[in-house]
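S.K.: Predicted coordinates and the sequence they were generated for:
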Amino acid sequence: MKALLLLAPLVIAAAPQATPVPPAQPLASVDGLPIGAIPKQDLPARGCAAYLWTASGTRALIAMVGADPARLRVSVQGKVTDLDRSAQTGASGFGFPERAEYGGGPLVAKLTMKVETRESISGGAVVPEGLLEIDQAGQDTIIVPVAGLIGCT
């Protein structure tokens, strides 16, 4: 038994060490659409942000929208793009409108989302359903059902 205890540190030292695995690259295309996943996003320094995943299929993080500054982050054709809010209607809560338009010119995104508060969530809310539409000049409109969470600092 004593010999086994003496050999234990040698066996552990000789065992192959795990090599760090780099984080997976976000998907360039989600569910065959010309919209991709965005990388992991941090909470804003102040205010609230909504983190939106596809509501079906791969459940990939495809958008983040900030309340202030009012900006939507998406990945279209493999490029992560930030679009400023250009129009809004209604109020959904936490500084987000019920329906908003982002960008202009050749790339416009429209986001409709429902926001619900829950007792089990502090400093945020749930987005049980929403719809993200991406319009690109000369391309078909992309319409993706989304759901997600709102986090606030």
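M.R.: Okay, I see it.

S.K.: can you pull out the helices in this structure?
M.R.: Using DSSP state H, the helices of the chain run over 2-14.

S.K.: Burial check on Gly104, number of neighbours?
M.R.: 11 (other Cβ atoms under 10 Å). Using the backbone N, CA and C atoms, a C-beta is placed for each residue, glycine as well.

S.K.: bridging residues for it?
M.R.: Gly104 forms beta bridges with Leu107, as assigned by DSSP bridges.

S.K.: Pull up the gap between it and Ala125, please.
M.R.: 28 Å (Cβ to Cβ, to the nearest Å).

S.K.: Check Gly148 too.
M.R.: To Ala125, Gly148 is 10 Å away according to Cβ to Cβ.

S.K.: Specify which residue of those two has the higher count of neighbours.
M.R.: Gly148 (25 against 22).

S.K.: Please tell me the pLDDT value assigned to Met18.
M.R.: Let me fix one detail, which is that residue 18 is Ala and not Met. With respect to pLDDT, Ala18 scores 56.

S.K.: Report how many residues lie close to Lys79.
M.R.: If we define neighbours as other Cβ under 10 Å, then Lys79 has 9 of them.

S.K.: typo on my end, Val108
M.R.: Val108: 18 surrounding residues under other Cβ under 10 Å.

S.K.: what's it in contact with, if anything?
M.R.: Shown in contact with Val108 (Cβ atoms under 8 Å, 6 or more residues apart in numbering): 83, 86, 101-102, 134-135.
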